[in-house]
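**Student:** Below are the sequence and a predicted model; questions follow.
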Amino acid sequence: MNKIDVVFDFYEEMSRVSQTIKSSPYKTTFFMDLTGLKPGLFYKKMKNGTFTASEMKIMAPYLFPEDMAAYDKNLISKLLIQSEQEYKRGNFETHQEILEKTRKLYGI
């Protein structure tokens, strides 16, 4: 997905955010508490679809749990591949080396 698609998809989601919040299994007050917004401002943003990207990032895992699970799975897969590559390059420390560093660091 290119960046223009992302912007347009975000805009489209924002136009439906009010309905998405209402149809979620969570109460609206849950999202207010989550974002830290006062009720008046929250309802105004909900009505106008003007939540910031940061606010949407906070609410997204609760509004789109299936997408969040897929995102997490993809992220973990990428990190595992990266870890395997690091290991193959020899860029790791043994358990014993980490224990020794920890002992020195904390004077144990």
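**Tutor:** Sure, I can see it. Numbering: from 1, shown residues only.
**Student:** Can you give me the domain assignment for the protein?
**Tutor:** Following automatic domain parsing, one finds the domains of the chain at 1-63, 65-108.
**Student:** could you dump those to TSV with mean neighbour count and mean pLDDT?
**Tutor:** C-beta coordinates here come from the backbone N, C-alpha and C atoms, glycine included. As requested, the domains of the chain are arranged in TSV below (neighbours: other Cβ atoms under 10 Å; pLDDT from 0 to 100):
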stretch	mean neighbour count	mean pLDDT
domain 1-63	13	94
domain 65-108	10	93
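**Student:** Geometrically speaking, which residue is the centre of the chain?
**Tutor:** Centroid-nearest residue in the chain: residue 57, 6.0 Å away (criterion: Cα atoms, centre = their mean).
**Student:** With only the CA atoms kept, save the helix or strand hosting it in PDB.
**Tutor:** If you go by DSSP states H and E, residue 57 is part of helix 53-63. The C-alpha trace of helix 53-63 is given here as PDB (Å, rounded to 0.1, in the frame of the first residue of the first chain):
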ATOM      1  CA  ALA A  53      -3.800  10.100  14.200                       C
ATOM      2  CA  SER A  54      -2.500   9.600  17.800                       C
ATOM      3  CA  GLU A  55      -6.000   9.300  19.200                       C
ATOM      4  CA  MET A  56      -6.900   6.800  16.500                       C
ATOM      5  CA  LYS A  57      -3.700   4.800  17.200                       C
ATOM      6  CA  ILE A  58      -4.800   4.500  20.800                       C
ATOM      7  CA  MET A  59      -8.300   3.400  20.000                       C
ATOM      8  CA  ALA A  60      -7.600   1.200  17.000                       C
ATOM      9  CA  PRO A  61      -6.700  -2.000  18.800                       C
ATOM     10  CA  TYR A  62     -10.200  -1.900  20.500                       C
ATOM     11  CA  LEU A  63     -12.100  -0.800  17.400                       C
END
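**Student:** counting contacts, what elements does that helix pack onto?
**Tutor:** helix 3-23, helix 28-35, helix 65-88 (3 or more Cβ pairs under 8 Å, 6 or more residues apart in numbering; DSSP states H and E).
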